[in-house]
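*Asks:* Got a predicted model here, sequence first, then my questions.
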Amino acid sequence: MNDFASRVRAALVSKGLSIRAAARELGYDPAYLSRVLNGKQQPSEQLAVALDELLGTDGSLTAFMKSARAGVATGANADIEHMRTSVEYLLDHDNKYGGDAVAQAAVQVWRAGQKRLDAGLVPGKAQSEYLATVAEVAEISGWLLFDAGQQGESRTAFLESHMLARHAGDKPMGWFALDMLAMHGIENQRPGESLRIAEGILDEPRVPPRVALLARIRKARALADAGHRQEALIEFAIARSALADSITTRDPSWTWWVDDRELAGHEGEALLALGEPSAAVPKLRRALELAIESDSNRRVILYYSVALLAAYASGQAWRECESTLLSLPPLLENVASGRSRRRLRATVCEIIRAPDSPHWLSDLAREVPAA
């Protein structure tokens, strides 16, 4: 639209009119006209028509403005397609190699889209879909930052995703962002926040079954982290009974990944948080087995391998620690997940410092990459 401003300025000069004089003739605010002619605000069609009449440009300014807007709309559609394609690629990379290398690429895509929105460069017809797409990219950015261990930046992305989803009127994406915030709270020792988010979702009318299931899992984890064992186990029992239900037409597409592996892993983590490593081990072992069987998602396999090592170390199951440590180097060669590596380092320190830890195990732990 800067070319529009240049054309108007040239016409004003040829007519001997200043911006203020033109605004007075048109009945427009001089500040508004100045912003338009300095490229800081988009002209309305009414303004273009009025300028054509004032400057005698025979409708050329209006035609140019409409043509430029059509180009912006085409650009918005291209942006939406690019953002969606980027999301698919970045998530595939994360599954295979972890989020460390691609988190900032996702942030770059998200921020570029948000800048266009904030600058008012997205036309009204495309705005709702554009908002929803940027909300999704912000959510994906939050997840990749979370996996990369950049927790502060991750939380910001999830909050932005939730706000954008609300502006877009995209309820499913809003639930997704809230679910991610609840997950973030559990990871960062804020069980009270996670509990409030989960209960808020469950209190909403007509929440889709799988969205409610995820909220139930987050609630159970938060209760376990807060030391409420019985309440947590009750919530997990409700979640497991609901898991058998197939995904309904009301469930958002992003809920597909809620399965037995996901639930078993959360049950294991909750039991570990409750100080029951012997009960946690079978759950985490089950989650790891399902991860290995189901697909080639190396990031998930690394995550559950490290979680299982943490459970073995907490229960002082030294031989099992040895076998798990020996399985890690091939994964660590390919997967860069700051979140899992940070946990691995903490677990290795626990093994080395444990009074009853065998010397041979401590030596092995020191040799593990990223330890």
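*Replies:* Received the coordinates, thanks.

*Asks:* Tell me where the model's unsure across the stretch 251-371 of the chain.
*Replies:* Within the stretch 251-371 of the chain, the stretches with pLDDT under 70 are 295-296, 370-371.

*Asks:* in it, which spans are helices?
*Replies:* Secondary structure of the stretch 251-371 of the chain (DSSP state H, counting those that start in this stretch): helices at 260-273, 277-294, 298-314, 318-334, 338-353, 359-367.

*Asks:* can you list those in TSV and add distance to residue 43 and mean neighbour count?
*Replies:* Backbone N, C-alpha and C define where each C-beta goes, glycine included. Listed next are those as TSV, based on distance: least, Cβ to Cβ, whole Å; neighbours: other Cβ atoms under 10 Å:
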stretch	distance to residue 43	mean neighbour count
helix 260-273	51	22
helix 277-294	55	18
helix 298-314	48	24
helix 318-334	53	16
helix 338-353	47	19
helix 359-367	66	13
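
*Asks:* Quick test: name the residue nearest the centre of the protein.
*Replies:* residue 139 (2.1 Å; Cα atoms, centre = their mean).

*Asks:* give the contact list for the nearest residue to that one once chain neighbours are set aside.
*Replies:* With sequence-adjacent residues excluded and distances taken as Cβ to Cβ, 6 or more residues apart in numbering, residue 139 is closest to residue 161, at 4.0 Å. By Cβ atoms under 8 Å, 6 or more residues apart in numbering, residue 161 lies in contact with 135-136, 138-139, 142, 173, 176-177, 180.

*Asks:* In a markdown table: these, plus distance to residue 298, secondary structure and pLDDT.
*Replies:* What follows is the contacts of residue 161, written out as a markdown table (distance: Cβ to Cβ, whole Å; DSSP: H, G, I helix; E, B strand; the rest coil; pLDDT from 0 to 100):
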| residue | distance to residue 298 | secondary structure | pLDDT |
| --- | --- | --- | --- |
| 135 | 28 | helix | 96 |
| 136 | 24 | helix | 94 |
| 138 | 25 | helix | 97 |
| 139 | 22 | helix | 97 |
| 142 | 21 | helix | 98 |
| 173 | 27 | helix | 95 |
| 176 | 24 | helix | 97 |
| 177 | 26 | helix | 98 |
| 180 | 22 | helix | 98 |
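
*Asks:* Show me what counts as buried in stretch 232-251.
*Replies:* 232-233, 235-236, 238-240, 242-243, 251 (16 or more other Cβ atoms under 10 Å).

*Asks:* Just those: which are in helices?
*Replies:* 232-233, 235-236, 238-240, 242-243 (DSSP state H).

*Asks:* And the pLDDT at residue 185?
*Replies:* Listed pLDDT for residue 185 reads 98.

*Asks:* so what's it up against?
*Replies:* Applying Cβ under 8 Å, 6+ apart, the residues contacting residue 185 are 191-194, 197, 222.

*Asks:* How much space separates the residue nearest to the centre of the chain from residue 132?
*Replies:* Distance of residue 139 to residue 132, given as Cβ to Cβ, to the nearest Å: 11 Å.

*Asks:* which residues are common contacts for those two?
*Replies:* residue 173.

*Asks:* how about the nearest residue to residue 239, chain neighbours excluded?
*Replies:* In space, residue 239 is closest to residue 216, 4.3 Å off (Cβ to Cβ, 6+ apart).

*Asks:* now residue 233
*Replies:* residue 220 (7.7 Å).
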